[in-house]
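**Q** Using only what follows, build the 3D model:
(one chain, ligands or ions: 1)
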Amino acid sequence: MPGRKLQPSRLAQSPSTKKASRLRPRLLAWYATASRDLPWRRTSDPYAVWLSETMLQQTRVNTVIPYYEAFVREYPTVASLAEAPEERVLSLWSGLGYYRRARMLHAAAKRVVSEHGGQLPRDVAALRTLEGVGAYTAGAVASIAFKRRAAVVDGNVARVLARLFAIEEDVKTSLGAARLWSLANALVPDGDEDPGDWNQSLMELGATVCLPKRPACDACPVRDLCAARRRGIADRLPRTAPKRRPTEVRRTAIVVASADAVLVARRRVGALFGGLWEPPIGDGDGLAVAQSLGIDGTSLEPMGRVVHVLSHRRLIIEVLRAPLSPRARRRPWPLPGPEYDAAEVVAIAAWRRLPHATLARKILATARGIGL
Ligand code: SF4
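**A** Next comes the predicted model:
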C-alpha cells in the first residue's frame with residue numbers, strides 16, 4: 001500500500017503554531033484591558049519606543065519612569081538628542097546604571113541623523129546596525145513602532161515562553177536561547193493582529209502575572225494552555241545555571257570637602273563608570289590614596305563603609321574625609337589614578353548636575369550627607 005502523504009498545511013502546523021492560534025487572541029484581549037498605563041505606551045513615536053526600551057534593559061519600570069520623562073522633556077526628538085552634549089546625556093542618566101547604554105544611545109542618535117535623515121530605520125537588520133541596538137531592542141522598535149513582524153526575547157518573555165511550552169533547557173545557554181528565539185519568531189502574528197501588541201502582551205504577562213518566584217497562575221489568562229502549570233513545574237522554570245558569586249573588590253574613597261565644595265574626578269571612557277564624576281577612589285589604603293592626591297594623610301577622618309553591588313562585583317569602599325582649605329580649593333589637583341582623566345573642586349550644587357553613578361552619591365552621603 002502506498003504511504004499516505006502528509007498535506008503541506010499539516011506539515012506547516014507545528015505544535016507551537018497550533019497553540020499560538022489559541023494563545024494569541026486570549027493574550028491580546030487580556031493585554032487590551034490589563035496592560036499598565038506607562039508613559040511610553042501613550043505614543044507611537046519610534047524615538048520614544050527606542051528610548052524606553054533602552055532604559056528598561058536590566059532596569060525596573062518604576063525606576064525608569066522619572067528618567068524617561070525628564071529625558072523626553074529635554075530631548076524630545078532624535079535630532080535634539082544628537083545635538084546634546086554627552087556630559088548632559090550622562091547627567092540625565094545619573095543613577096539609572098549601565099551607563100554604556102546612554103553613550104551608545106547618543107552615538108546612535110547622531111548616526112540616525114547623519115545616515116537616516118533623522119528617522120529611525122524600520123526593519124530589524126537596519127536597526128541592528130545602530131550602536132547599542134541588539135536583537136531585543138531592534139525587535140521591540142520594529143514591532144511596536146513600525147508594526148513589523150519581529151520577535152523579542154527579554155527576561156520576561158523568556159520566562160513566559162519557557163513555562164507555556166515547558167522548555168527545560170537552560171535559557172542562558174546558546175541552545176536554550178536559540179530555542180526561545182525560534183519559538184518567539186514562530187509565535188509573532190503576521191495577519192490582522194498587531195505584532196507589537198503581541199510582544200508587549202508577553203512582556204506584560206511576565207512582568208505582572210507570570211512572576212519569577214511565585215507565578216500568579218490563578219489570574220493568568222492562558223493558564224489552561226500552560227504546559228509547565230499542567231506538569232506542576234512552573235516555579236522551577238526557566239532553568240538557569242546558578243549565578244556566580246560576585247567578586248569582592250575593596251577600595252578607599254577620600255572625600256576632600258568643605259561645607260559647600262568637594263573634590264571630584266572624572267573616570268576615563270572605557271573604565272568602569274566611564275565619563276562619570278566621583279570622589280577619588282583608589283585601591284590602596286587611605287594613606288596611599290591621600291598621597292596620590294598630595295594631601296596630608298594624618299588629616300583623614302573615617303566616615304564609614306559603602307557596599308555597592310554590580311552584576312559581577314561587590315564593591316566595598318571605605319570612606320574617609322579630608323578638609324578642603326580655601327587655598328587647596330584653588331590649586332590644580334593631580335589625577336588620582338590612571339582610570340581618571342580630570343579632577344577638580346566644584347560647588348556641591350554644581351556636583352549634583354554632573355553625571356555620576358549611584359555609588360558616588362552613596363559615598364558623598366556617607367561623608368556626612370554631602371549631595372543629599
Ligand atoms: S499559568 Fe502560570 S506559569 Fe503558566 S504562563 Fe500563566 S502565570 Fe505563567
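**Q** which residue is nearest the middle of this protein?
**A** By C-alpha atoms, centre = their mean, the mean C-alpha position of the chain lies nearest to Gln57, the distance being 3.0 Å.
**Q** quick check: domain ranges of this structure?
**A** 14-236, 247-366 (automatic domain parsing).
**Q** For my notes, please list the ones you listed in JSON lines and give mean pLDDT for each entry.
**A** Output for the domains of the chain, formatted as JSON lines (pLDDT from 0 to 100):
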{"stretch": "domain 14-236", "mean pLDDT": "94"}
{"stretch": "domain 247-366", "mean pLDDT": "92"}
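**Q** Go through those and name the closest to the ligand.
**A** Closest to the ligand of the domains of the chain, according to C-beta to the nearest ligand atom: domain 14-236, at 3.1 Å. For the C-beta atoms, the positions are set from N, CA and C on the backbone; glycine is no exception.
**Q** circling back: quick check: phi and psi at the residue nearest to the centre of the chain.
**A** Phi and psi for Gln57, reported as degrees, to the nearest 10, are phi -60, psi 130.
**Q** list the contacts for it?
**A** For Gln57, the contacting residues are 98, 101, 136-137, 154, by C-beta atoms under 8 Å, 6 or more residues apart in numbering.
**Q** cutoff 7 Å now
**A** Gln57 sits next to 98, 101 when contact means C-beta atoms under 7 Å, 6 or more residues apart in numbering.
**Q** do Arg24 as well
**A** Residues counted as contacts of Arg24 (C-beta under 7 Å, 6+ apart) are 189, 193, 198.
**Q** Would it be right to say that the second one lies in a helix?
**A** Right, the one you point to is Glu193. No - using DSSP: H, G, I helix; E, B strand; the rest coil, the secondary structure at Glu193 is coil, not a helix.
**Q** which non-adjacent residue is nearest Ala48?
**A** Trp40 (5.1 Å; C-beta to C-beta, 6 or more residues apart in numbering).
**Q** And the one you found, how far from Ala126?
**A** 21 Å (C-beta to C-beta, to the nearest Å).
**Q** now swap in Arg305 and tell me
**A** Distance from Arg305 to Ala126, by C-beta to C-beta: 48 Å.
**Q** the more surrounded of those two?
**A** Each of Arg305 and Ala126 has its neighbours counted (other C-beta atoms under 10 Å); Ala126 has more, 15 against 11.
**Q** measure the more buried one to Ala138 for me?
**A** Counting by C-beta to C-beta, the gap from Ala126 to Ala138 is 9 Å.
**Q** again with Leu354
**A** From Leu354 to Ala138 the distance is 32 Å (C-beta to C-beta).
**Q** So for those two, which sits in the more crowded spot?
**A** Each of Leu354 and Ala138 has its neighbours counted (other C-beta under 10 Å); Ala138 has more, 24 against 18.
**Q** If we ignore the residues flanking it in sequence, what's nearest that one?
**A** Per C-beta to C-beta, 6+ apart, closest to Ala138 is Leu127, 3.9 Å.
**Q** which residues sit in contact with the one you found?
**A** 121, 133, 138, 141-142.
**Q** which residues touch Leu315?
**A** 249, 251, 308, 359.
**Q** got a winner among those residues for most neighbours?
**A** Comparing the contacts of Leu315 by number of neighbours (other C-beta under 10 Å), Leu359 comes first, having 23 neighbours.
**Q** That one against Val309, yeah?
**A** No - Leu359 is not in contact with Val309 according to C-beta atoms under 7 Å; the separation is 10.1 Å.
**Q** can you list the residues of the protein near the ligand?
**A** 160, 163-164, 209-210, 215-217, 220, 222-223, 226, 228-229, 234 (C-beta under 6 Å from any ligand atom).
**Q** Looking at the residues you listed, which one is closest to Pro338?
**A** Nearest to Pro338, judged by C-beta to C-beta, of the residues of the chain next to the ligand is Val160 at 45.4 Å.
**Q** after the strand or helix carrying that closest one, next one along is what?
**A** Element membership of Val160 [criterion: DSSP states H and E] is helix 155-164. Using DSSP H and E, the helix or strand that directly follows helix 155-164 along the chain is helix 174-187.
**Q** Counting by contacts, list what that following helix packs against.
**A** Contact analysis of helix 174-187 by 3 or more C-beta pairs under 7 Å, 6 or more residues apart in numbering; DSSP states H and E lists helix 15-34, helix 155-164 as its packing neighbours.
**Q** Buried deepest among the ones you listed, which one?
**A** Scoring the helices and strands packed on helix 174-187 by mean neighbour count under mean count of other C-beta atoms under 10 Å gives helix 155-164 as the most buried, with a mean of 24.
**Q** Now do that helix against helix 15-34, angle only.
**A** If you take axes from the mean of the first three to the mean of the last three C-alpha atoms, to 10 degrees, helix 155-164 sits at 130 degrees to helix 15-34.
**Q** Just the CA trace of helix 155-164, in CSV.
**A** The C-alpha coordinates for helix 155-164 follow below in CSV (Å, rounded to 0.1, in the frame of the first residue of the first chain):
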residue,chain,number,x,y,z
GLY,A,155,13.8,38.1,30.7
ASN,A,156,10.0,38.3,30.9
VAL,A,157,9.4,36.8,27.6
ALA,A,158,11.9,34.0,28.2
ARG,A,159,10.2,33.1,31.5
VAL,A,160,6.7,33.1,29.9
LEU,A,161,7.7,31.0,26.9
ALA,A,162,9.7,28.6,29.0
ARG,A,163,6.7,28.0,31.1
LEU,A,164,4.0,28.0,28.5
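**Q** Determine how far it lies from the middle of the whole chain.
**A** 19 Å (C-alpha atoms, centre = their mean, to the nearest Å).
**Q** who's in contact with it?
**A** 167, 171, 180, 183-184, 202-203, 205-207, 210, 212, 222, 225-228, 234, 237-238.
**Q** and what of stretch 195-213?
**A** 24, 27-28, 30-31, 35, 140, 143-144, 147-150, 152, 154, 156-157, 159-160, 163, 188-189, 215-216, 219-220.
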